[in-house]
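K.L.:
Let's see this in three dimensions:
(2 chains)
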Amino acid sequence: TQLLEQSPQFLSIQEGENLTVYCNSSSVFSSLQWYRQEPGEGPVLLVTVVTGGEVKKLKRLTFQFGDARKDSSLHITAAQPGDTGLYLCAGRRNSGNTPLVFGKGTRLSVIA
Amino acid sequence: KAGVTQTPRYLIKTRGQQVTLSCSPISGHRSVSWYQQTPGQGLQFLFEYFSETQRNKGNFPGRFSGRQFSNSRSEMNVSTLELGDSALYLCASSLVEANTGELFFGEGSRLTVL
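P.N.:
Okay, here's the model as predicted:
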């Protein structure tokens, strides 16, 4: 059973469109992170959210942490081909010294 | 500032062999974590080391082992390789203990088992 469920698995959109990807769990997390991974590279951190209800913006990307700290979303406005990649959410359980666990990711393709 | 360096980048082994992968963390980082990435399972946590001590271990068989040296460099070993061990093995380092900080990933070691 995957602790963090991401949806959709795959997403292909045209340049300029908006999109939202989701990260859901039945467990509470002390923090959630979003990473982006491009082919041939390791994941790179985009953002960390730690407070329930928190919203963070990074240029055209908006990240939200659910009030109950069980879910998160990533919204991209006016997607560009450079946004193409694998988006991974990752979280630490609210139970002390626990490792960072990852969802399986959403593979986004933005077509020019 | 140099990033996380993993060697080798690519390797091909046959079933039953063993393999050792190496990871050099960012200078000053004392925490190293290892993950296995496959298309079907995504990133699965293997181990985490901090100051030469294993702090966490994922749900992998005993064929998977690791260690960290006094200079924070880390190695992982997989013995008696199986076809299902084919994957991208990612190492990540962190400035503080990994359960609090950002992980900086290397480019990975892609293992193919024939």
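K.L.:
ranges for the strands of chain B?
P.N.:
Applying DSSP state E to chain B gives strands spanning B:5-7, B:10-13, B:19-24, B:31-38, B:42-50, B:53-57, B:64-68, B:74-78, B:87-94, B:104-105, B:109-113.
K.L.:
mind giving me a markdown table with the ones you listed and columns for mean pLDDT and distance to residue A:51?
P.N.:
Yep, even glycine has a C-beta here, placed from its N, CA and C like the rest. As requested, those are exported to a markdown table (pLDDT from 0 to 100; distance: least, Cβ to Cβ, whole Å):
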| stretch | mean pLDDT | distance to residue A:51 |
| --- | --- | --- |
| strand B:5-7 | 97 | 34 |
| strand B:10-13 | 98 | 42 |
| strand B:19-24 | 98 | 32 |
| strand B:31-38 | 96 | 24 |
| strand B:42-50 | 94 | 25 |
| strand B:53-57 | 92 | 25 |
| strand B:64-68 | 97 | 33 |
| strand B:74-78 | 98 | 32 |
| strand B:87-94 | 96 | 21 |
| strand B:104-105 | 96 | 24 |
| strand B:109-113 | 98 | 36 |
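K.L.:
got the ones you listed as a markdown table, with distance to chain A and mean neighbour count columns?
P.N.:
Formatted as a markdown table, these follow (distance: least, Cβ to the nearest Cβ, whole Å; neighbours: other Cβ atoms under 10 Å in any protein chain shown):
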| stretch | distance to chain A | mean neighbour count |
| --- | --- | --- |
| strand B:5-7 | 8 | 17 |
| strand B:10-13 | 11 | 13 |
| strand B:19-24 | 11 | 19 |
| strand B:31-38 | 7 | 24 |
| strand B:42-50 | 4 | 22 |
| strand B:53-57 | 5 | 14 |
| strand B:64-68 | 13 | 18 |
| strand B:74-78 | 15 | 20 |
| strand B:87-94 | 5 | 25 |
| strand B:104-105 | 3 | 21 |
| strand B:109-113 | 9 | 18 |
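K.L.:
Residue A:103 is nearest to which of those strands?
P.N.:
Closest to residue A:103 of the strands of chain B is strand B:42-50 (Cβ to Cβ; 6.6 Å).
K.L.:
Which residue ranges of chain A form strands?
P.N.:
Using DSSP E, the strands of chain A run over residues A:5-7, A:10-14, A:19-24, A:29-37, A:44-49, A:55-58, A:61-65, A:71-76, A:85-93, A:101-102, A:106-111.
K.L.:
Of all these, which one is nearest residue B:90?
P.N.:
Short answer: strand A:29-37, nearest of the strands of chain A by Cβ to Cβ, at 9.2 Å.
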